[in-house]
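Student: Everything below, folded, please.
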Amino acid sequence: MQPNNQVRFVRNEIHINSWEWSMLKISLSLMLVATAAFTSGCASVKQTPVALSKAVDGQAGRVGVVMTALPKLDTQLPGAGCLLCLAVASVANSKLTAHAVTLSYEDLPKLKGDMASLLRKNGANVTVIEEPLDLKAVPDFAAKGPNIPSKNFSSLQQKYHLDKLLVIDITALGFTRAYSGYLPTSDPKGLFEATGYIVNFKSNTYDWYLPVNIVKSADLNWDEPPKFPGLTNAYFQSLELGRDALLRSFVESAKPVTSPQAKATPTASVSVNVAPVQTAVK
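Tutor: Below you'll find the predicted structure:
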């Protein structure tokens, strides 16, 4: 059956011309692969957060610090469940996605070095692993259970003579927009998604595990193509919030400061160590 040159979804004013329809069909095979990977990932049991119980200092042995390659900036479309729904949503947000790829990572590439500096400040013996970590190339760990890493990092342990390994895994950057099938249920928002964790090779367990999911709304109107200034600002704010959330555990584990100003600082943010950081800022 040949599609009409234009398909119109009245409720959300989505128009698809013949060229966009062709692009939609090309996308379907890629969407199938992505959906299969997403579904298999959802089947696994989520690791609960693990608080950093003590400072990572000179007693910790040699600590490696490694980070995955930064992901491509993109627009996530959770809730567009079927393949056609996902393809239609991708076309409807194509201008936003095209803008996302033009944005910078700001200081995010320096996060690994910043983590290492905080550890050294506490007296830790730190080895920074320069090459990006490819988690897909790391074999799965045979044992399963609470607080047991899903990946076997023994090759890095042996190569760098490590006692512990701090991993920074940044999984999604850019924008996110919730959908219900074909229809958007939210405005687009800035997105930062990552996980930080420390693997203790002596016990083969996590010394620290912190998922971070920052979702930041635009302060004003978001729908201002092609530059989307409101959403662009929201993205950079989510970047800063996410980066700070990962660093905070190690700032808080540093030697206490006893100045009056430090004593007056609110302590509510300490809960970041024992629960996932899930911030939705409106």
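Student: switch to C-alpha atoms for all contacts and neighbour counts from now on
Tutor: Will do.
Student: Return the list of strands paired to the helix or strand where Thr171 lies, each annotated with direction.
Tutor: Assigned by DSSP states H and E, Thr171 falls within strand 164-176. Sheet pairing for strand 164-176, assigned by DSSP bridges, gives strand 62-67 (parallel), strand 74-76 (parallel), strand 189-200 (antiparallel).
Student: Tell me which strands the following helix or strand past it pairs with, and in which orientation.
Tutor: On the C-terminal side of strand 164-176, the closest following helix or strand by DSSP H and E is strand 179-180. If you go by DSSP bridges, strand 179-180 pairs up with strand 183-184 (antiparallel).
Student: related to what we said a few turns ago, tell me the mean pLDDT over the strand holding Thr171?
Tutor: Strand 164-176 carries an average pLDDT of 98.
Student: How far does it sit from its chain's centre?
Tutor: Its chain's C-alpha centre lies 4 Å from the corresponding centre of strand 164-176 when counted by Cα atoms, centre = their mean, to the nearest Å.
Student: Just the buried positions in that strand, please.
Tutor: Lys164, Leu165, Leu166, Val167, Ile168, Asp169, Ile170, Ala172, Leu173, Gly174, Phe175, Thr176 (16 or more other Cα atoms under 10 Å).
Student: tell me the strands in the stretch 1-150 of the chain, going along the chain?
Tutor: With DSSP state E, counting those that start in this stretch as the criterion, the stretch 1-150 of the chain has strands at 7-9, 14-16, 62-67, 74-76, 125-128.
Student: okay, now the nearest residue to Gly61 once chain neighbours are set aside: neighbour count?
Tutor: Nearest residue to Gly61, sequence neighbours excluded (Cα to Cα, 6 or more residues apart in numbering): Asp163, at 5.5 Å. Using other Cα atoms under 10 Å, Asp163 is surrounded by 17 other residues.
Student: which ones are touching Asp163?
Tutor: Asp163 makes contacts with Ala60, Gly61, Arg62, Val63, Gln157, Asn200, Phe201, Lys202, as judged by Cα atoms under 8 Å, 6 or more residues apart in numbering.
Student: hmm, which two among the residues you listed are most spread apart?
Tutor: Greatest spatial distance among the contacts of Asp163 (Cα to Cα): Ala60 and Gln157, at 14.1 Å.
Student: what does stretch 218-234 contact?
Tutor: Residues contacting stretch 218-234 (Cα under 8 Å, 6+ apart): Lys95, Leu96, His99, Leu103, Asp187, Pro188, Lys189, Gly190, Lys216, Ser217, Lys282.
Student: residue ranges for the helices of the chain, please.
Tutor: Under the criterion DSSP state H, the chain contains helices at 18-42, 83-92, 94-100, 111-121, 154-160, 229-252, 260-263.
Student: By mean pLDDT, point me to the weakest helix or strand of this structure.
Tutor: Least confident helix or strand, the chain: helix 260-263 with a mean of 37, by mean pLDDT, DSSP states H and E.
Student: For Asn93, see how far away Arg62 is.
Tutor: According to Cα to Cα, to the nearest Å, Arg62 and Asn93 sit 46 Å apart.
Student: Please identify which of the two sits among more neighbours.
Tutor: Set side by side, Arg62 and Asn93 show more neighbours around Arg62, with 19 against 16, by other Cα under 10 Å.
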